[in-house]
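K.L.:
here is a sequence with its predicted model. Questions after.
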Amino acid sequence: MPEIEARLYDKLDEKKTRCKVCPHRCTLSPGQVSICGMRKNVDGKLIFTAYGEISSIGIDPVLKKPLNLFWPNHLTFSIASVGCNFRCPWCQNYPITQVSLEEYKKYYPTTVMSPEDVVKEAKGFQCMSISYTYNEPIIWYEYVIDTAKAAKKEGLMNILVTNGYITLEALEELVKYIDAANVDWKAFKESTYARYMKAKLEPVLQATEEMKRKGVHVEITYLVVPTVNDDENEFREMCKYIVEHLGPEVPLHISRFYPHYKFTHVPPTQVKILERFHDIAVEEGLLYVYVGNIPGHPYENTYCPECKKMVIETWGFEIVKWNLDDDNRCIFCGAKVHVTGKHVKPKVRPLFGIF
């Protein structure tokens, strides 16, 4: 099961292939492997080499994704494979994202699961959704689509936690089965994307906008990395863009950086910078702005866009107070809060990292 022919590619002269899943559009000669490490040209056919290969499974609170306003507090069945189409030098999940599947399997086991197996396990753990997360799900394209289809048939929702680096051709099919996405915007400069991610910003913006247009619940994460993307003017321009192109109701998660991978020499983001960025986002008209990776901070909470009172109190990945009525209106002033779904009280506890 791990190897199948890719579904979205062009056959070129001299047995070359061109992948059409992400904007890298890797053109490969026989024997060559794509940037993401998941696709290989085998005698003129593009082969997806990791169908069903799972490196990690967890039963997560949806707030961990983070998705604060999508069926809040429900549990999601999280799965990951190996690899990524970005090269972020600060990646916290680098043991599974910045290696090939072959390298990973030298040291760690994977589990092969069919889409139906994943759905069965998710339902067994009483999860409401399946999240494709931890590594980049776009490079797992065929498997994500098949699993998402199977999930829909069984009444489960699907969540992407993604860098958004997908072609519009690939997204056209995938978006049919996706209910929510957290898209990680790494910066708001093409030069930063080129230098650190070895990629481009514009396709990320296009994909995010397309998901929003197609009815996907979208939230955005912006990890503030000192010296990389912590310029106030850049951040302000990004906030203006979100308001204009996606809407002021789209939640923005401003996350604190901690040293990881090749960026262990860079200190954690100062809290005052995160707070300043929060204030800038609010000034520019965003209604739901969060500061992440600082448990207990007041900016973890959700505030009414009208009366500004706290309507959802959060501690880490758990909701501890819910001040909305059954129509997701503020109990203090009656204003509508842009929640997709309802407050959920899980019947089981989260299980982080089953394997």
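P.N.:
Okay, I see it. Numbering: from 1, shown residues only.

K.L.:
which stretches in the stretch 251-355 of the chain count as helices?
P.N.:
Using DSSP state H, counting those that start in this stretch, the helices found in the stretch 251-355 of the chain span residues 271-283.

K.L.:
quick check: which ranges of it have low pLDDT?
P.N.:
Along the stretch 251-355 of the chain, segments meeting pLDDT under 70 span 348-355.

K.L.:
next: the chain.
P.N.:
Using pLDDT under 70, the flagged stretches of the chain are 1, 348-355.

K.L.:
got the domain ranges for it?
P.N.:
Using automatic domain parsing, the domain ranges for the chain come out as 4-48, 53-322.

K.L.:
closest one to A335 among the ones you listed?
P.N.:
Across the domains of the chain, A335 has its closest neighbour in domain 53-322 (3.6 Å, Cβ to Cβ). The C-beta positions use only the backbone N, C-alpha and C, and glycine is treated the same way.

K.L.:
just to revisit the earlier point, could the domains of the chain go into TSV alongside distance to V344 and mean neighbour count?
P.N.:
Shown next, in TSV, are those (distance: least, Cβ to Cβ, whole Å; neighbours: other Cβ atoms under 10 Å):
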stretch	distance to V344	mean neighbour count
domain 4-48	33	18
domain 53-322	4	19
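
K.L.:
dump those to TSV, plus distance to N328.
P.N.:
Formatted as TSV, the domains of the chain follow (distance: least, Cβ to Cβ, whole Å):
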stretch	distance to N328
domain 4-48	35
domain 53-322	9
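
K.L.:
quick one, which of the ones you listed is nearest to V337?
P.N.:
Among the domains of the chain, domain 53-322 comes nearest to V337, with 5.8 Å by Cβ to Cβ.

K.L.:
now do the same end-to-end measure for that closest one.
P.N.:
Start and end residues of domain 53-322 are separated by 39 Å (Cα to Cα, to the nearest Å).

K.L.:
how about stretch 213-222?
P.N.:
With Cα to Cα applied, stretch 213-222 spans 21 Å between its terminal residues.

K.L.:
chain center to that stretch, what's the gap?
P.N.:
What separates the centre of stretch 213-222 from the centre of its chain is 10 Å, taken as Cα atoms, centre = their mean, to the nearest Å.

K.L.:
identify the residues contacting it?
P.N.:
65-70, 175, 178-185, 208, 211-212, 229, 235, 238, 242, 246, 250-255, 277, 292, 340 (Cβ atoms under 8 Å, 6 or more residues apart in numbering).

K.L.:
please flag which of those residues sit within helices.
P.N.:
If you go by DSSP state H, the contacts of stretch 213-222 have T208, M211, K212, F235, M238, I242, F277 in helices.

K.L.:
and the nearest residue to the fourth one once chain neighbours are set aside, how far from F263?
P.N.:
Going back to what we said before, that points to F235. Excluding its sequence neighbours, the residue lying closest to F235 (Cβ to Cβ, 6 or more residues apart in numbering) is F277, at 5.5 Å. According to Cβ to Cβ, to the nearest Å, F277 stands 19 Å off from F263.

K.L.:
and for I130?
P.N.:
I130 is 31 Å from F263, by Cβ to Cβ.

K.L.:
swap in K105?
P.N.:
Taking Cβ to Cβ, one finds K105 at 26 Å from F263.

K.L.:
equivalent analysis for V228, please.
P.N.:
Counting by Cβ to Cβ - V228 and F263 are separated by 9 Å.

K.L.:
what do these two both touch?
P.N.:
Common neighbours of V228 and F263 (Cβ under 8 Å, 6+ apart) are W90.

K.L.:
contacts made by stretch 252-268 with the rest, please.
P.N.:
Contact with stretch 252-268 is made by 66, 68, 88-92, 94, 98, 182, 219-227, 239, 242, 269, 271, 274, 277-278, 281, 286, 288-294, as judged by Cβ under 8 Å, 6+ apart.

K.L.:
Provide the strand pairings for the longest strand anywhere in the chain, with the direction of each partner.
P.N.:
Using DSSP state E, we find that the single longest strand of the chain is strand 217-224. Looking at strand 217-224 with DSSP bridges, its partner strands are strand 180-184 (parallel), strand 252-256 (parallel).
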